[in-house]
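S.K.: here is the input, now give the coordinates:
(one chain, ligands or ions: 1)
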Amino acid sequence: MKILYIDQTGQLGGGELAILPWLRAHSENARVVLFEDGPFRPLLEECGIPVDVFALDTLKGVRRESGIASIFSSLPAFASLRSRLAKLAGGFDILYTNSQKAFLLAALSKRRGQPLIWHLRDILTAEHFSPILRKIAVFAGNRYASVVIVNSHATAESFVAAGGLRRKVRVVHDGVSPQPFDSVVPETIAMLRKEIGSDLRPTIGVFGRLSPWKGQHILLEALSSVPDAHVVLIGDALFGESAYVETLKARASQSDITGRVHFLGFRRDIPELMKAMDIIVHSSTSAEPFGLVIVEGMLAGKPVIATRAGGAVEIIQDGESGTLVTPGAASELGAAIRRLLAEPVEAERIAQAGRRRAERVFSLEALFQGISTVINEFKPRLSGQSSSSGKH
Ligand code: UDP
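M.R.: Just a heads-up that it's a prediction; the model follows:
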């Protein structure tokens, strides 16, 4: 089956990193369209997948919080992109969209009867999306998506609560390979801790793009109540949130935590860095659609503390395979960190249980199985079409 994958960004966000293993393993007959160039493109090309970049800067003006005016102003850009996409899309059996903008464009560009899969990786709540964008997304999802794959039950419920049709929803949790974590050697860990400058101190890592709702500021507040510990921030502002980075840096220079906060920027050696931490914190202040970094931290064999909302609750069983704290509660987070540091045997028990759970439940095999099952739903329809029209 020929599948055209469509994604809005060439940046390495969670959605792109989450679909990459599937694309690597299913590169035959695949092609990818991106609406913006970036480091995702060469990674796809390395797998032998042809990539088209249909860059249209004006589309960048439409953000999650956008209102009607900016949506209207981008309509000419949409129209031009739509015709280019429609031309290419016509030659594929299935369109598979990995982001909201990609889905909306594909919905307008697909030929009649062409299956369209929307892999929805966003929680559709007022916290994250303007009312008009939510309405458009749900209307288009109900009308044009053949199936909506969601990365967690939390994402599924937000779609249904916003008016989305439950019968279209298929929950497929993201999956991560343990292999890159298992091949990290002790020398690399020692070198990284030296490089960070925290080699003899408890070291707490927070991984992910720097953004207010990712809550890195909450971890810096919590650090104030954990004497001696260091915090390492891995990630950068991916989508124009550089002002937030400045506030984090200003907070990090205050006397209670100065010299104990390290900004490493965006890195590709995530397994190595995770293995170099004592604790991994996920600090999002609102519901995370899934939370790849939580699974990655568990695979690294580290105790993970995450906030009790969204996908995190489906990944971690509190006190068993990790620790859950209230989103936005710095004092609770500080207490959870102190407890894990004070009780290393318990911390190790939780870390090992987390590792086992991540391996068992959030494997690449389970992810591949989930996506394959959805794609196979269309096989009878497509083979019927090919026998009647001889086209596919
Ligand atoms: N990540 C990375 N380099 C960094 C920071 C993060 O490669 O410097 C990766 C991280 O390992 C994870 C992804 O980015 O695979 C983030 O996914 P997540 O679902 O946690 O968050 P999202 O970005 O989708 O909101």
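S.K.: enumerate the residues of the stretch 151-300 of the chain near the ligand.
M.R.: For the stretch 151-300 of the chain, the residues in contact with the ligand (C-beta under 6 Å from any ligand atom) are 207-209, 234-235, 266-267, 270, 290-293, 296. C-betas here are computed from N, CA, C, even on glycine.
S.K.: for Gly175, see how far away the residue in the stretch 101-250 of the chain that the ligand sits nearest to is.
M.R.: At 3.6 Å from the ligand, Gly235 is the closest residue in the stretch 101-250 of the chain, using C-beta to the nearest ligand atom. Taking C-beta to C-beta, to the nearest Å as the measure, Gly235 falls 21 Å from Gly175.
S.K.: likewise Ser284?
M.R.: Taking C-beta to C-beta, one finds Ser284 at 20 Å from Gly175.
S.K.: equivalent analysis for Glu221, please.
M.R.: Distance from Glu221 to Gly175, by C-beta to C-beta: 33 Å.
S.K.: and those two? which has more neighbours close in?
M.R.: Gly175 (22 against 19; other C-beta atoms under 10 Å).
S.K.: the more buried one - that's part of a helix, no?
M.R.: No - secondary structure of Gly175 (DSSP: H, G, I helix; E, B strand; the rest coil): coil, not part of a helix.
S.K.: report how many residues lie close to the closest residue to the ligand within the chain.
M.R.: Nearest to the ligand, among the residues of the chain, is Gly14, at 1.8 Å (C-beta to the nearest ligand atom). Here the count is done by other C-beta under 10 Å, and Gly14 has 19 residues near it.
S.K.: equivalent analysis for Pro50, please.
M.R.: With other C-beta under 10 Å as criterion, Pro50 counts 11.
S.K.: show the pLDDT at it.
M.R.: Looking at Pro50, its pLDDT reads 98.
S.K.: what does Leu133 give?
M.R.: 88.
S.K.: need the three-state assignment for Asn142.
M.R.: Relying on three-state DSSP, one would call Asn142 helix.
S.K.: how far off centre is stretch 323-337?
M.R.: 22 Å (C-alpha atoms, centre = their mean, to the nearest Å).
S.K.: how long is that stretch end to end?
M.R.: Start and end residues of stretch 323-337 are separated by 10 Å (C-alpha to C-alpha, to the nearest Å).
S.K.: those strands in the stretch 51-200 of the chain, which residues are they?
M.R.: 51-53, 94-97, 116-120, 147-150, 169-171 (DSSP state E, counting those that start in this stretch).
S.K.: buried ones in the helix or strand where Ile337 lies, by neighbour count?
M.R.: Using DSSP states H and E, Ile337 maps to helix 330-342. Neighbour-count burial for helix 330-342 flags Ala330, Glu332, Leu333, Gly334, Ala336, Ile337, Arg338, Leu340, Leu341 (criterion: 16 or more other C-beta atoms under 10 Å).
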